[in-house]
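Novice: coords please:
(one chain, ligands or ions: 1)
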Amino acid sequence: MRTEEKIAGRRPPRFDLIAGSVCLDFVNTLDDRHIKPKELLESYIDLARFGEDTGVLQPGQVDRLFERSYANPERAQQVLLWGRELREAIHDVFWAIMNRREVPALALAKLNSYVQTAAGHMRLVRVKDGFKWRFDDPLDFDSVLWPIARSAADLLASDQLTYVRACSSKACEWFFLDTSKNHHRRWCDMTRCGNRAKVRRFYARKKKEH
Ligand SMILES: [Zn+2]
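Specialist: Coordinates of the predicted model:
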């Protein structure tokens, strides 16, 4: 058994993946964005862990990237900064679409540059029943950014774009893809925000009654 296989899946997930889309989960790694932003990507390790949790990177690949980041912290830090830049570009583009505003040209240009880099790393590989798109260079520091950029490009160019939403809690506003049957999903997560809002409404009503 190869080392990668032995350690596969040993880590508990670190990120709350509620969005139904990798690029939107990525946006949510800046938590409480509009109130008191909390950075969930504090290091390259966090970025690679996001890749692992979302399944865009393999656990063995993540272990190797950890090792590489310890050996070359400057480069890892640079890719972390690129990751945050990509995240903000994705946020700005989707935010504008949701709010029916003009998509900022700078954000779209930035996103496009990451999308183009990602496309340059895509390869067709033969699989059992046909072909699949795969990314090359799995040990490149940037390899975590490619599938995220690709996920944003795929969603923007899809008919699902109209179902991208932000959580109704003003304190939260996490992004998600509303795949519910009637497309009336309001909360990122019922326990995280939906119940809190219910409780608030309940107490507001009680106050009025007394
Ligand atoms: Zn929420």
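
Novice: you'd agree Leu108 is up against Ala96?
Specialist: No: Leu108 lies out of contact with Ala96 (C-beta atoms under 8 Å); the separation is 9.0 Å. The C-beta positions use only the backbone N, C-alpha and C, and glycine is treated the same way.

Novice: Flag every residue of the protein that's near the ion.
Specialist: Residues of the chain lying close to the ion (C-beta under 5 Å from the ion) are Cys167, Ser169, Cys172, Trp174, Cys188, Cys193.

Novice: Neighbour count and pLDDT added to these, as JSON lines?
Specialist: Listed next are the residues of the chain next to the ion as JSON lines, based on neighbours: other C-beta atoms under 10 Å; pLDDT from 0 to 100:
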{"residue": "Cys167", "neighbour count": "23", "pLDDT": "95"}
{"residue": "Ser169", "neighbour count": "18", "pLDDT": "89"}
{"residue": "Cys172", "neighbour count": "21", "pLDDT": "89"}
{"residue": "Trp174", "neighbour count": "24", "pLDDT": "95"}
{"residue": "Cys188", "neighbour count": "24", "pLDDT": "92"}
{"residue": "Cys193", "neighbour count": "21", "pLDDT": "86"}
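
Novice: How about the contacts made by the residue most central in space within the chain?
Specialist: Centrality entry for the chain: nearest residue to the mean C-alpha point is Phe26, 1.8 Å, by C-alpha atoms, centre = their mean. Listed by C-beta atoms under 8 Å, 6 or more residues apart in numbering, the contact set of Phe26 reads Phe50, Thr54, Leu86, Arg87, Ile90, Ile148, Ser151.

Novice: Secondary structure element for it, which one?
Specialist: Phe26 belongs to helix 22-27 when elements are defined using DSSP states H and E.
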